[in-house]
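*Asks:* What follows is a protein structure lacking sequence information:
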């Protein structure tokens, strides 16, 4: 079962984040982080992202919202970049997400998310 979760997770991870990102991530595995990466791929991507109850676009919206709430800016920018590049989200979608989250997480979080989004746009252009 764990092997199935890993394989399914890897397929979803590649679809959501793109081959280039996943390949870089795999190349950066070490003896220390290898098991952590395996668990994330199996559980997050294989067990959760493959569930049929929520479509991938909604999951992406949720992840972006949660990353703002947690102020996990590296992951936020990752999901902004890959969402835009795969067509899962648009800049208008992102603006609506940030506006919605600003109401619940506060103006500082929303303002910072907008700045981080702009940084993600620049990263994509580079």
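*Replies:* Thanks, I have it. Being a predicted model, the structure only gives us computed values, none of them experimental. Numbers count the residues shown, from 1 in each chain.

*Asks:* Could you list the buried residues of the worst-scoring helix or strand of the chain on mean pLDDT?
*Replies:* Least confident helix or strand of the chain, by mean pLDDT, DSSP states H and E, is helix 2-17 with a mean of 90. Across helix 2-17, burial judged by 16 or more other CB atoms under 10 Å covers 5-6, 8-10, 12-13, 15-17. Using the backbone N, CA and C atoms, a C-beta is placed for each residue, glycine as well.

*Asks:* Same question for stretch 40-54.
*Replies:* 41-42, 45-47, 49.

*Asks:* who touches that stretch?
*Replies:* 2, 4-10, 12-13, 16, 56, 59, 62 (CB atoms under 8 Å, 6 or more residues apart in numbering).

*Asks:* Tell me which two in the buried residues of stretch 40-54 are the farthest apart.
*Replies:* For the buried residues of stretch 40-54, the farthest-apart pair by CB to CB is 42 and 49; their separation is 11.0 Å.

*Asks:* In TSV, list the buried residues of stretch 40-54 along with distance to residue 89, secondary structure and pLDDT.
*Replies:* Below are the buried residues of stretch 40-54 laid out as TSV (distance: CB to CB, whole Å; DSSP: H, G, I helix; E, B strand; the rest coil; pLDDT from 0 to 100):
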residue	distance to residue 89	secondary structure	pLDDT
41	22	helix	96
42	25	helix	96
45	18	helix	95
46	22	helix	95
47	23	helix	95
49	15	coil	95
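
*Asks:* Going by distance to residue 92, which of those residues wins?
*Replies:* residue 49 (23.8 Å).

*Asks:* sorry, back to before: could I get the buried residues of stretch 40-54 as CSV with distance to residue 95?
*Replies:* Listed next are the buried residues of stretch 40-54 as CSV, based on distance: CB to CB, whole Å:
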residue, distance to residue 95
41, 31
42, 34
45, 27
46, 31
47, 31
49, 24
